[in-house]
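**Q** Have a look at this fold, sequence not included:
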């Protein structure tokens, strides 16, 4: 019974770590895309899909809303020739500095992983 409980705790811990890693990576990639210039949600999703990351709108909207509420993103409304106006997201100055730090952290993590898994 104890072995089973330990296994379940380990499984739950691994699942939590995996979820947190995916959230961080999605946030990092989303901000990297927006750093290239103002971006519409569907444009962000398309770029992620081109990189073989399966992301759907219902995943992106909460992420973008959270980043906006943390004042890391801002948006502008742009009239569309087809349908309603669209929100185009852009980075705030506050986030530009944080993105530089995330770039550095990612490079360190990537280098370490590549070094160990060769």
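**A** All right, it came through fine. No experiment lies behind these values; they were computed from the predicted model shown.

**Q** SS state for residue 80?
**A** Put simply, residue 80 is coil when judged by DSSP: H, G, I helix; E, B strand; the rest coil.

**Q** Okay, it and residue 86: tell me how far apart.
**A** Here the criterion is C-beta to C-beta, to the nearest Å. By it, residue 80 lies 5 Å from residue 86. Backbone N, C-alpha and C define where each C-beta goes, glycine included.

**Q** Looking at those two, which is more packed in?
**A** A count of neighbours by other C-beta atoms under 10 Å puts residue 86 above the other of residue 80 and residue 86, at 16 against 10.

**Q** so what's the more buried one bridging to?
**A** Residue 86 has these beta-bridge partners by DSSP bridges: residue 78.

**Q** Give me the residue ranges of the chain where confidence is low.
**A** Along the chain, the model assigns pLDDT under 70 to residues 1-18.

**Q** Can you show me the strands along it?
**A** Per DSSP state E, the chain carries strands over the ranges 39-40, 73-78, 86-91.

**Q** Residue 73: neighbour count?
**A** Burial of residue 73 is recorded as 22 neighbouring residues (other C-beta under 10 Å).

**Q** Over to residue 99?
**A** Using other C-beta under 10 Å, residue 99 has 16 neighbouring residues.

**Q** sorry, back to before: with distance to residue 103 added, can I get the strands of the chain in JSON lines?
**A** What follows is the strands of the chain, written out as JSON lines (distance: least, C-beta to C-beta, whole Å):
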{"stretch": "strand 39-40", "distance to residue 103": "18"}
{"stretch": "strand 73-78", "distance to residue 103": "17"}
{"stretch": "strand 86-91", "distance to residue 103": "13"}
